[in-house]
Every structure is written in C-alpha cells, then in structure tokens.
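J.: compute the structure for the input listed below.
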Amino acid sequence: MRFCFGDRGARMIAIQRGGTLIVYTRRVEDMLEADSGREHRWRAEAMNLGAASIVVALKAHLRDRFMRGVVGMGMAMINFAGLGKSYGSVDAVRDLTFSVGRGEVFGFLGPNGAGKTTTIRMLMGILVPSAGHITVDGLDCQADRVAVKRRVGYLPDSPLFYDFLRGREILEFVGEMHGQSRGVANRNAERLLREFGLDEASEEYAVNYSMGMKKKLGLACALIHDPQVLVLDEPTNGLDPRAAREVQNRLHACAEAGKTIFLSTHLLDMAERLCSRLGIIHQGELVGLGALAELQANVEAGGSLEEVFLKLTESADEPAPLQAAV
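T.: Modelled structure (predicted):
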C-alpha cells in the first residue's frame, strides 16, 4: 500500500511493510515557514486499528492543518473538505480534501470512472455531496451556488445548446443571464466570437456547429462574464489537433491573466505543459497531489507524468501483462 501526498511543499508517503505502517512526512508548520524542509518519520503498529484506518487518520490530520494554514493566509480559491458522494452502497468519491490556490492552474487527472466529473458536478452545485463540502472564494458551492456561479465559468465535457439559437444569440443570452446589459452582452459576444474564430459562423444555428465549434462556443460562454475561476471538464476532448491547440493557447492566456483554472483532462502532455499542480484520483480517492517534480520524487524518480499516473492508478486486481510465447 502506498499513498503519495504533496501540496505546496507538504509531502506524505505511507508504506505498509508487513504489520508495520511507516509514514514519511514533512511537517505542515515547516512548510508555512521560510526554513521548511525537515523530514519526520512516524511509525504506527497495525494492531487493532488497521493500517488503512491509520492512513485515513494521518491524511485527515495533515490535510486539516494544511487547509487551515492556506485559508488563513488567503491563498486558497477553491477548497475541498472531506468531500464524498455515494450512490447506495457505491462510493463514487471518498474523502477528497485539498485546495487550489488563487491564480493556480490545477490539473485533475484520473482514469475513466475515477470520479472526476462527479467531483466537478459537486463543485458546480449540480450534485449534492453525501459528505463534506466545497467552497469557492469562501462561498459554499451548495448554500451560495448562485454567488459561486458569478465567480465561475464552467465548460462541461459535452456542452449542450438550444439547437435553433444562433451562436451570437447564445453568447448574448448567457451574458444577460450574468446581469450584463444588452449592449454590454452584445459587445462581449462579438469580441469573443472574433477571438475564437467563430465570427463568420455567428449567425449559424448551433445545431449546425461541429464539435470543435461547440467546444469553442462553450468556452466563450464560460468567459463572457470575466470570471475569477474556470472549471473545465475535458476542454479539448473530441477536437482536432489545430482546434485543441487553439483552446490550449486560450487557457494559457487565461492563466497569464491570473485566473484560477481547475482543469480535468486525459491529455497528460497538456496537463504537464499548463498545470502548476496536479491531483490524481483513482476509484474515488485522491492518490497523488502536488507539483510534477514532487510526484516524480515520491513515486517514480525521473519518470514521466505518464509513468507517475500509471503507477498511482494501478489496481491490485488488474491482470498481469501478457507474455510472448516462447
């Protein structure tokens, strides 16, 4: 059993060896001080309390102290605290606790079915958590979801539009829904259509848009009210290489402008290029958190992001690779 946790310098690795659980951690207090860096090792005997329970307790302890420090310093824009979502006896998401700093580009990675979209839907107030909560800029994503939406631009995996509204009309409608006057919404729509190369298709009905055009229109809708935060679920999924590069360039410009970006993607090269920190989720649990260099040091020294990802998301019940016949 191995768990890797790293967040702005705070790291923890728990490794079970027989009946002994060894936990290596850098103290959160040290991380918050200029002279951070001292390593500590904790030993816990897995007796009546199982090793897995000890890991959960240590994770909760360290993360709670880290979260209090980050929030107190005014650094966090998005906070996940003990987040969980269950469907009957099935836990789709379990005990997610981490933060995303202001102006940070955070990559949220995981295999299909790991819980990424479920987490994002809870972040957007679409799904109600079974446990824990999320805040954006100090606002609860359930109790204050209207105020949260004023601060967030959201691009779902498969954006849906009214088929017989024109691209321009859709953008203007979204702008007015965010409280913009008709004139302001019209000017913002024209500007975004031009920037995304959709100006020539602005009077075309959405039903006739290609997948790439719909993705770009969806991103324009997410940006029309100039939000502080962007939440993007697979923004380049289904796009051809040119359209994908255009979307990535736009996200890079948003990051340079200081926006906080929460990005879910299967494209590891894009995550490596754009994201300052990464969270890796597997079977509903966070199994890796930190900058790429931290994850590499803790999981696969000198390895690529792909190697780190595969290492952290491997399952004990996965079949062994097939061997060539001799």
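J.: who are the packing partners of the helix or strand harbouring residue 294?
T.: Secondary structure assignment for residue 294, by DSSP states H and E: helix 292-299. The contact analysis (3 or more C-beta pairs under 8 Å, 6 or more residues apart in numbering; DSSP states H and E) places helix 292-299 against strand 2-7, strand 10-17, strand 277-282, strand 285-290, helix 305-312. For every residue, glycine as well, the C-beta is placed using N, CA and C.
J.: now do the buried residues in it.
T.: By 16 or more other C-beta atoms under 10 Å, the buried positions in helix 292-299 come out as 292, 294, 295, 296, 297, 298, 299.
J.: nearest to residue 149, of those residues?
T.: residue 292 (31.2 Å; C-beta to C-beta).
J.: mind checking pLDDT for the closest one?
T.: Note for residue 292: predicted pLDDT of 91.
J.: quick one on the thing from earlier: CA atoms only: put the helix holding residue 294 into PDB for me.
T.: Extracted in PDB, the C-alpha atoms of helix 292-299 (Å, rounded to 0.1, in the frame of the first residue of the first chain):
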ATOM      1  CA  LEU A 292       5.000  17.200 -11.000                       C
ATOM      2  CA  ALA A 293       8.500  17.300  -9.500                       C
ATOM      3  CA  GLU A 294       7.100  16.300  -6.100                       C
ATOM      4  CA  LEU A 295       5.100  13.400  -7.600                       C
ATOM      5  CA  GLN A 296       8.100  12.200  -9.500                       C
ATOM      6  CA  ALA A 297      10.300  12.300  -6.500                       C
ATOM      7  CA  ASN A 298       7.800  10.500  -4.300                       C
ATOM      8  CA  VAL A 299       6.500   7.900  -6.800                       C
END
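J.: chain center to it, what's the gap?
T.: Its chain's C-alpha centre and that of helix 292-299 lie 18 Å apart, by C-alpha atoms, centre = their mean, to the nearest Å.
J.: now that helix against strand 285-290, angle please.
T.: 120 degrees (axes from the mean of the first three to the mean of the last three C-alpha atoms, to 10 degrees).
J.: helix 292-299 vs helix 305-312, what angle?
T.: Using the same axes, to 10 degrees: helix 292-299 against helix 305-312 is 40 degrees.
J.: shaky segments in the stretch 51-200 of the chain?
T.: Confidence mapping of the stretch 51-200 of the chain against pLDDT under 70 gives the ranges 51-75.
J.: can you map out the strands along it?
T.: According to DSSP state E, counting those that start in this stretch, the stretch 51-200 of the chain carries its strands in the segments 76-87, 90-101, 105-109, 131-136, 139-140, 152-155.
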